[in-house]
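# here is the input, now give the coordinates:
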Amino acid sequence: MKPHRNRLIFVVAVVGLLILGMLLRPHAMQRTTPDDNVIFTSDYYLSGVHDDDLVVVGSLITLDQDSRVAGDTSLAGQNLSVAGQIEGDLTMLGEDLFVLESAQVNGDASIAGKNITIEGTITGDLLVNGASLTIHPNARIDGDVNFCGQIDDQRPNAAAPICDPPAIDPFAQLVALRNRSFDGSEFTMQVAPVSMLALAVVGTLFLMGTSTLAVTFFPRQVSHIEEAMRARPRSFAGVGIAIYALIIGLFFALTFLLAMFPPLGFLFIPVFLIVGLILLLLSLSGLVTVAVILGDALLRRLSRIPQPPLIAAVAGSLALSLGLVLVSLLPFGFFFSLAMLGVVSSVGLGASLFTRIGTRPVGRTYFIQG
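Below you'll find the model as predicted:
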């Protein structure tokens with residue numbers, strides 16, 4: 001009866017969170033005062049001076065020729081028009097995007113959308129990701145134009161654009177999803193061996209340091225998680241995998257909302273960050289305990305003399321990191337290494353959730369002092 005009650009509470013909590021978000025949406029859409037740096041609204045119009053960075057999410061966004069933003073400007077919506085002065089960098093994400101003739105951007109411009117028109121002045125570089133780009137004859141771009149699509153550059157003696165997409169394009173997936181052309185091919189991952197080695201060293205040091213601190217300052221909590229993992233490893237592995245699947249589903253749902261309904265998507269970003277922070281804390285506490293158990297098992301095979309948990313934590317962290325790095329060197333090893341890390345950490349995640357990060361024991365503890 002208790003598991004059914006827990007599932008019911010979980011479902012009610014999720015539904016309640018969605019209802020709360022829908023109820024708060026109208027209030028967030030009304031935040032249009034120039035004093036706010038982050039603004040959610042259906043229609044936004046700026047004709048004066050904004051003395052700081054500006055972030056606007058809406059359907060129709062217009063910065064007229066008398067407008068001036070003293071910092072960086074980020075706009076996301078359906079129809080975006082900039083005709084004023086931007087002192088910093090300009091970022092635009094939408095469908096129909098216009099940098100009009102009277103506009104002056106005193107920095108770089110990163111623009112992603114369906115139809116993009118440039119008529120004004122950009123003193124830095126122009127990075128564009130979209131279906132079509134039109135640059136009018138009177139437009140002035142002092143830096144490079146980076147664009148790989150269909151371009152109509154009407155400037156006399158204009159240089160050919162550079163087609164050099166970044167290794168990680170923050171707009172590609174959202175634009176493809178909005179244009180209904182997403183097929184998964186936009187996801188590419190190229191990691192240099194030096195970068196992989198540096199990442200492995202940093203990850204190893206981080207895990208060692210975290211494990212050492214956890215065993216030293218929270219020995220009782222680590223003991224409770226360890227006891228739970230030893231008692232029911234398969235059950236907790238299933239719980240951890242289910243939690244990871246839930247987070248992945250939430251991530252894709254948030255991506256879909258950002259692509260199709262940007263105001264609603266941005267509204268749910270804080271909720272996703274809070275859930276992600278809780279998951280990170282649970283996963284990290286579980287992974288630390290996995291390192292302690294692995295190190296204890298290795299030390300028992302090498303020496304009959306029991307070693308303190310602090311030594312076990314260091315040895316387990318080194319062994320776990322080395323194993324993941326060796327697997328990542330194989331063909332498609334990165335994905336296998338990532339899958340192994342997910343399976344191993346899922347046991348600790350489930351146990352950490354069950355024990356409430358080690359604050360609730362499941363029985364008599366035997367691992368006390370770090």
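# now for T123, how many residues are close by?
Neighbourhood size, T123 [other Cβ atoms under 10 Å]: 15. To be clear about C-beta, it is placed using only N, CA and C from the backbone, and glycine gets the same treatment.
# residues contacting it?
Q104, V105, N106, G107, D142, G143 (Cβ atoms under 8 Å, 6 or more residues apart in numbering).
# dihedrals phi and psi, the first one?
When read as degrees, to the nearest 10, the backbone of Q104 gives phi -140, psi 120.
# pretty sure D164 contacts N129?
No - D164 is beyond contact range of N129, at 12.0 Å (criterion: Cβ atoms under 8 Å).
# the two - which one has more neighbours?
Taking neighbours as other Cβ under 10 Å, D164 and N129 compare with N129 leading, 24 against 10.
# what does the host helix or strand of the more buried one rub up against?
If you go by DSSP states H and E, N129 is part of strand 126-135. Strand 126-135 has contacts (Cβ under 8 Å, 6+ apart) with 97, 108-118, 141, 143-147, 149-155, 158, 165, 169, 171-172, 175, 179.
# so which of the contacts of T123 sit within strands?
Those of the contacts of T123 mapping onto strands are Q104, V105, per DSSP state E.
# Serialize the contacts of T123 to CSV and add fields for pLDDT and neighbour count.
Formatted as CSV, the contacts of T123 follow (pLDDT from 0 to 100; neighbours: other Cβ atoms under 10 Å):
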residue, pLDDT, neighbour count
Q104, 94, 18
V105, 94, 25
N106, 93, 14
G107, 92, 18
D142, 90, 10
G143, 89, 14
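# closest one of the contacts of T123 to F354?
For the contacts of T123, the minimum distance to F354 (Cβ to Cβ) is 50.3 Å, reached by G107.
# among the contacts of strand 126-135, name the buried ones.
97, 108-113, 116-118, 141, 145-147, 151, 153, 171-172, 175 (16 or more other Cβ atoms under 10 Å).
# circling back to that earlier point, what strands line up against the strand holding N129, and which way round?
Applying DSSP bridges to the sheet, strand 126-135 is found paired with strand 109-118 (parallel), strand 145-146 (parallel), strand 150-153 (parallel).
# how about it as CSV, C-alpha atoms only?
Presented in CSV, the C-alpha positions along strand 126-135 are these (Å, rounded to 0.1, in the frame of the first residue of the first chain):
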residue,chain,number,x,y,z
LEU,A,126,28.2,38.5,-37.2
LEU,A,127,27.5,34.8,-36.4
VAL,A,128,24.3,33.6,-38.0
ASN,A,129,22.5,30.3,-37.9
GLY,A,130,19.4,30.1,-39.9
ALA,A,131,17.6,29.3,-43.2
SER,A,132,18.3,32.6,-45.0
LEU,A,133,20.3,35.7,-44.5
THR,A,134,19.8,39.0,-46.3
ILE,A,135,22.3,41.9,-46.0
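# mean confidence score for that strand?
Strand 126-135 comes out with an average pLDDT of 87.
# wasn't T255 part of a strand?
No - counting by DSSP: H, G, I helix; E, B strand; the rest coil, T255 is not part of a strand but helix.
# and it, how far from S223?
Distance, T255 to S223, by Cβ to Cβ, to the nearest Å: 39 Å.
# those two: who's more crowded?
S223 (23 against 15).
# related to what we said a few turns ago, so which of the strands paired with strand 126-135 is nearest A245?
strand 109-118 (29.5 Å).
# touching the closest one from outside, list them.
80, 89-99, 122, 124-136, 139, 141, 171, 174-175, 178-179.
# now list the buried members of the residues you listed.
By 16+ other Cβ under 10 Å, those give 80, 89-95, 97-99, 122, 124-130, 133-136, 139, 141, 171, 174-175, 178 as buried.
# tell me the domain boundaries of this protein?
The record's domain split for the chain, according to automatic domain parsing, is 34-178, 193-354.
# can I get the ones you listed in CSV including distance to P361?
Putting the domains of the chain into CSV (distance: least, Cβ to Cβ, whole Å) gives the following:
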stretch, distance to P361
domain 34-178, 43
domain 193-354, 5
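# any stretches of the chain with poor pLDDT?
Applying pLDDT under 70 to the chain flags residues 1-36, 165-197, 199-200, 258-265, 363-370.
# which residue ranges of it form helices?
2-29, 172-178, 193-217, 219-231, 233-260, 262-302, 309-328, 333-354 (DSSP state H).
# which one of those is the most hemmed in?
helix 219-231 (a mean of 22; mean count of other Cβ atoms under 10 Å).
# alpha carbons of that helix, as PDB, please.
Only the C-alpha atoms of helix 219-231 are listed here, as PDB (Å, rounded to 0.1, in the frame of the first residue of the first chain):
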ATOM      1  CA  PRO A 219      31.300   9.500   7.900                       C
ATOM      2  CA  ARG A 220      27.900   8.600   9.400                       C
ATOM      3  CA  GLN A 221      26.000   9.700   6.300                       C
ATOM      4  CA  VAL A 222      28.400   7.800   4.000                       C
ATOM      5  CA  SER A 223      28.000   4.700   6.300                       C
ATOM      6  CA  HIS A 224      24.200   4.800   5.900                       C
ATOM      7  CA  ILE A 225      24.400   5.000   2.100                       C
ATOM      8  CA  GLU A 226      27.000   2.200   2.000                       C
ATOM      9  CA  GLU A 227      24.800   0.000   4.100                       C
ATOM     10  CA  ALA A 228      21.800   0.600   1.800                       C
ATOM     11  CA  MET A 229      23.900  -0.200  -1.300                       C
ATOM     12  CA  ARG A 230      25.200  -3.400   0.200                       C
ATOM     13  CA  ALA A 231      21.700  -4.500   1.200                       C
END
